[in-house]
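S.K.: mind looking at a prediction? Sequence and model below.
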Amino acid sequence: MNLRSIFVLAAVGMLLISVSACNQEEPVAAVDAAAPAVTASPTPTQTAAPTHPPTATPTKVATATATPSPTATVPTEPTPGPTVAPDLALEFSSLKQGQYLGYVAQRYGVSLDELVQFSGIENPDVVPIGQGLIIPYHTDRYTPSEALLPDSELVYGQGYVDFDLQAFVDEQGGRLSQVSMTGLDGEQWSGADVVERVAARYSVGPRVLLALMEAGSGWVTDPDPQGNAAGYPLGHTNGGPGLLPQLEWAANELNHGFYGWLDRGETAIRFEDGTLARGAPGLNPGTVAVQRTLAADATYSQLPAKLSAFDEAYRRLFGDPANMDAGPVLPAGLQQPELHLPWKPGEWWHLTGGPHGGWVSGSGWAALDFVPEDAVIGGCIPADSWAVAAAPGVVVRSLPGEILLDLDGDGDMRTGWVLQYLHIVDQPAVGTVLAQDDPVGRPSCEGGAAETTHLHFSRRYNGLWVDAGGQVPMVLDGWTGFGSFEYEGGMTKPGAPDRQAEHSRDRAVNGLLREE
């Protein structure tokens, strides 16, 4: 952490006028005296990032390697789990106002030395509010080791290209097929429309959502669910009722389990009573995603029955999940296509948010935040400067504040590379073909939660939110993203000083010039 970061943090009240990070918060888990809950993921901070890009999982959590073993229902080349000691259940949190590290270590029952080590804290005597923390629990409790489904089934990718969601829901004849509601866009949505919109926005596989729904309430096949099942389609009685809130909660939990295991080294699974277990070392991310979601409404002893109910529902609806395997979600040797900084040549923009969730913080940390230098500080007045196409493509989604730009030209967001532009106005319509540097929209606060005008820019590949600082980092005109905690980090380029993600407009710190 540099002195600039310390001074900025001391003046956090003044910074509120210029914050431009996406406001993506998650609920706090239940707590008990033995293992108090933590915020599901760290909140934005102004701490300086490492000077070199991190590896796919934080290097500080590697003590012993657990090698995953394939089963009948996982890909032939399973995605490796986190490189973490088998007895460690790791959970992300952040330092809150009025807390200090010794208090946090005592509260969570962990070693102060391990808390400092795993969180990568260089000076434990000077730690800013919002500092990302990794809580290293030692436990001998594991979740079941049986794999449930391949990773490709969890993401809304190429495995769903031929899946007719509306026809399937209608054929089942359950309560879901009877739903008719006015959507956020003012149009009438069927139950299948609601599922599809959540699947597309969070990039989560709709068959997984339907199987969770069937196991939790019977809504897919039962035309008249009774009791709690009538109001809680996903069976999540610890949350709010209603089809859309239940689906959005489930999609975010699935993503949190999936990307926490795939990218971030998170191995803890917390139950409704606040206790936790470590995900079995050999599991694949898709299975961990389901385990995490079901654990939110179960105790440790109840989880096996919940998993069995999900497996039975999935197989009854769709057959053997192994038959749905569309291959590795992150193929070996995958390379990003050439991308330019998404603004016009000759302009200065500023990096205000390091890698963070593509769509709320449970998802992969695929996004970076940028603000044009001429944007009004504070508030949500749209900028005069335009975001532009970082590569040629076709617009496959255009909603208020957001577009998805498909780079392979097939018009399908589920295949190939796709770019997300969020918090924009004056965007092009679906079907618009864009050349490189064609205008995409002006940064604003539209679409999702935003505190001030900025551009939220992220990548998907075959439906996967690709970590901006991970195995296939985001590279824009030679600038490469890095970061170990959400919103922290920056961009690095050979021969140039690193740029740190900060809520400021200092060309030497976070300024990025797109060369003419």
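M.R.: Nice, thanks for sending it over. Residues are numbered from 1 along each chain as shown.
S.K.: show me the domain layout of the chain.
M.R.: The record assigns the chain these domain ranges, following automatic domain parsing: 151-324, 348-513.
S.K.: nearest to Tyr103, of these?
M.R.: Among the domains of the chain, domain 151-324 comes nearest to Tyr103, with 18.4 Å by C-beta to C-beta. All C-beta atoms are positioned from the backbone trio N, CA, C, and that covers glycine.
S.K.: that closest one - what's its average pLDDT?
M.R.: Mean per-residue pLDDT for domain 151-324: 97.
S.K.: endpoints of that domain, how far apart?
M.R.: With C-alpha to C-alpha, to the nearest Å as the measure, domain 151-324 spans 10 Å from end to end.
S.K.: and that domain, how far from the chain's centre?
M.R.: The chain centre lies 16 Å from the centre of domain 151-324; the measure is C-alpha atoms, centre = their mean, to the nearest Å.
S.K.: and the pLDDT at Leu16?
M.R.: 32.
S.K.: make 59 the first number, not 1, from now on.
M.R.: Sure, I'll start numbering at 59, so the last one becomes Leu74.
S.K.: which residues in the stretch 459-574 of the chain form helices?
M.R.: Along the stretch 459-574 of the chain, the segments classed as helices by DSSP state H, counting those that start in this stretch run 565-568.
S.K.: swap in the stretch 159-308 of the chain?
M.R.: Using DSSP H, counting those that start in this stretch, the helices assigned to the stretch 159-308 of the chain run over residues 159-166, 170-176, 209-212, 223-230, 249-260, 264-275, 286-289, 301-317.
S.K.: please name every helix or strand in contact with the longest one.
M.R.: If contacts are counted by 3 or more C-beta pairs under 8 Å, 6 or more residues apart in numbering; DSSP states H and E, helix 301-317 sits against helix 209-212, helix 249-260, helix 264-275, helix 343-353.
S.K.: give me that answer again for 6 Å
M.R.: helix 249-260, helix 343-353 (3 or more C-beta pairs under 6 Å, 6 or more residues apart in numbering; DSSP states H and E).
S.K.: possible to save those helices as CSV with mean neighbour count?
M.R.: As requested, the helices and strands packed on helix 301-317 are exported to CSV (neighbours: other C-beta atoms under 10 Å):
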stretch, mean neighbour count
helix 249-260, 22
helix 343-353, 28
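S.K.: surely His414 meets Glu544?
M.R.: Yes: His414 is within contact range of Glu544, at 4.7 Å (criterion: C-beta atoms under 6 Å).
S.K.: the more surrounded of these two?
M.R.: Neighbours were counted for His414 and for Glu544 using other C-beta atoms under 10 Å; His414 has more, 31 against 25.
S.K.: what does the pLDDT read for that one?
M.R.: At His414, the model reports a pLDDT of 97.
S.K.: what do you get for Gly71?
M.R.: 32.
S.K.: make a markdown table out of the helices of the stretch 159-308 of the chain and add distance to Ala354.
M.R.: Shown next, in a markdown table, are the helices of the stretch 159-308 of the chain (distance: least, C-beta to C-beta, whole Å):
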| stretch | distance to Ala354 |
| --- | --- |
| helix 159-166 | 19 |
| helix 170-176 | 24 |
| helix 209-212 | 17 |
| helix 223-230 | 25 |
| helix 249-260 | 16 |
| helix 264-275 | 11 |
| helix 286-289 | 15 |
| helix 301-317 | 6 |
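S.K.: so which of these gets nearest Pro362?
M.R.: Of the helices of the stretch 159-308 of the chain, nearest to Pro362 by C-beta to C-beta is helix 264-275, at 13.2 Å.
S.K.: check which helices and strands that closest one sits against.
M.R.: Checking 3+ C-beta pairs under 6 Å, 6+ apart, helix 264-275 ends up next to helix 249-260, helix 361-376.
S.K.: in TSV, list those helices along with distance to Leu352.
M.R.: TSV is the format used below for the helices and strands packed on helix 264-275 (distance: least, C-beta to C-beta, whole Å):
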stretch	distance to Leu352
helix 249-260	17
helix 361-376	4
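S.K.: nearest residue to the middle of the chain?
M.R.: Nearest to the mean C-alpha position of the chain, by C-alpha atoms, centre = their mean, lies Ser421 at 1.2 Å.
S.K.: what residues are up against that one?
M.R.: Residues near Ser421 by C-beta atoms under 6 Å, 6 or more residues apart in numbering: Asn313, Gly415, Trp523.
S.K.: quick check, Leu234 in contact with Gly276.
M.R.: No: using C-beta under 6 Å, Leu234 makes no contact with Gly276, being 9.8 Å away.
S.K.: show me which of these two is the more surrounded one.
M.R.: Neighbours per residue (other C-beta under 10 Å) separate Leu234 from Gly276, with Leu234 holding more: 27 against 20.
S.K.: residues in contact with that one?
M.R.: Counting by C-beta under 6 Å, 6+ apart, Leu234 touches Val227, Gly249, Trp277, Val278.
S.K.: hang on, the third one packs against Pro291?
M.R.: Translated: Trp277. Yes: judged on C-beta under 6 Å, Trp277 makes contact with Pro291 at a distance of 4.6 Å.
S.K.: re the thing from before, tell me which of the domains of the chain lies nearest to Asp198.
M.R.: The closest of those to Asp198 is domain 209-382. By C-beta to C-beta, the value is 8.6 Å.
S.K.: what is the burial count for Ser177?
M.R.: A total of 27 residues lie near Ser177 under the criterion other C-beta under 10 Å.
S.K.: that one is in contact with Leu191, isn't it?
M.R.: Yes: here Ser177 reaches Leu191: they are 4.8 Å apart, a contact under C-beta under 6 Å.
S.K.: using TSV, lay out the contacts of Ser421 together with distance to Tyr372 and neighbour count.
M.R.: Putting the contacts of Ser421 into TSV (distance: C-beta to C-beta, whole Å; neighbours: other C-beta atoms under 10 Å) gives the following:
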residue	distance to Tyr372	neighbour count
Asn313	18	27
Gly415	26	26
Trp523	23	28
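S.K.: CSV for those residues, including distance to Val452?
M.R.: As requested, the contacts of Ser421 are exported to CSV (distance: C-beta to C-beta, whole Å):
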residue, distance to Val452
Asn313, 26
Gly415, 25
Trp523, 20
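S.K.: in this structure Gly274 contacts His294, no?
M.R.: No: using C-beta under 6 Å, Gly274 is not in contact with His294, being 7.2 Å away.
S.K.: surely His408 meets Arg563?
M.R.: Yes: at 5.0 Å, His408 counts as touching Arg563 under the criterion of C-beta under 6 Å.
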